[in-house]
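Peer 1: Next one to model:
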Amino acid sequence: MLQLADRVALFSDLEAPQRERLLRDAELRAYPENSLLFSEGEAASLLHVLIRGTVELHKSDGRRECGLMLLAPGDVFMPAAAVFAEPYLNSARTLSSCQLLLLRAEVVRSEYAICHQLAINIGRVLAGQFRMAARHIIDLKCLSAAQRLAVLLLRLVDQGAGPGRARLPVSKRHLASRVGMTPETLSRAIQVLADNGLIVRGTSIVVRDRPRIAAFCGAPPYPHSSETELDVHML
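Peer 2: Numbering: from 1, shown residues only. A predicted model of the protein is given here:
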């Protein structure tokens, strides 16, 4: 467990005794696809750290669900609920087989109160997540549905292993929910992007004409920055 902590930014620069106290009752647990991790309104008893797989944060009104964020390995969620004993504002479920490090919220709160470095690490994560939420709001307010989709897909391509291409980490249904559109609108938007140099075929994303798709997206409505520098990897 201590070796795993070396790969988790939440534990960076912590003294050995602090790491040991946080991990003493922690659990590394595997979840199958479509596992509900917690529901909106629940009190936070755990702090979740995603080690492997993809997790969706979503909101439900009883009739339909709205995707909020897609979490990637390295993401910590939901730190505000765990640290400040707040109820969850949304639900979370796995979109693939996942491995999570589960820290007891009461232990995290105790260490947060006395450990300056842990407070800094959690503050950094909260700042990065706030920036991502602000980007999401700005995209919804300032970009068309097709532009929002293009911006997200280009980000996946830029994070991919090969130049100009990547794979969708989630189904198109979950992709549509994340971008804030219906599956029908997604199909039309994909055709619009194909006419502007970005192809989505199956789970493959291929950029055929980067200048053209970049021009279609327009100038970014927010300053360029990488939230990964703040230990946030969500989409």
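Peer 1: quick check, residue 18 in a helix?
Peer 2: Yes. Residue 18 sits within a helix when classified using DSSP: H, G, I helix; E, B strand; the rest coil.
Peer 1: Let me see the contact set for it.
Peer 2: Residue 18 sits next to 111, 115, 117-118 when contact means C-beta atoms under 8 Å, 6 or more residues apart in numbering. For glycine as for every other residue, the C-beta is placed from the backbone atoms N, C-alpha and C.
Peer 1: Quick one: those residues as CSV, columns for secondary structure, neighbour count and distance to residue 3 too.
Peer 2: As requested, these are exported to CSV (DSSP: H, G, I helix; E, B strand; the rest coil; neighbours: other C-beta atoms under 10 Å; distance: C-beta to C-beta, whole Å):
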residue, secondary structure, neighbour count, distance to residue 3
111, helix, 20, 20
115, coil, 19, 21
117, helix, 14, 19
118, helix, 23, 19
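Peer 1: For the protein, which segments are assigned as strands?
Peer 2: 27-31, 36-38, 46-52, 55-60, 65-71, 76-77, 91-94, 98-104, 165-167, 198-201, 204-207 (DSSP state E).
Peer 1: mind checking which of those is nearest residue 144?
Peer 2: Among the strands of the chain, strand 198-201 comes nearest to residue 144, with 14.5 Å by C-beta to C-beta.
Peer 1: Could the C-alpha coordinates of the closest one be exported in PDB?
Peer 2: This file holds the C-alpha atoms of strand 198-201, laid out as PDB (Å, rounded to 0.1, in the frame of the first residue of the first chain):
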ATOM      1  CA  LEU A 198     -12.300  15.300 -37.200                       C
ATOM      2  CA  ILE A 199     -13.600  11.700 -37.700                       C
ATOM      3  CA  VAL A 200     -15.300   9.500 -35.100                       C
ATOM      4  CA  ARG A 201     -15.700   6.000 -36.300                       C
END
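Peer 1: so what strands line up beside it?
Peer 2: strand 204-207 (antiparallel) (DSSP bridges).
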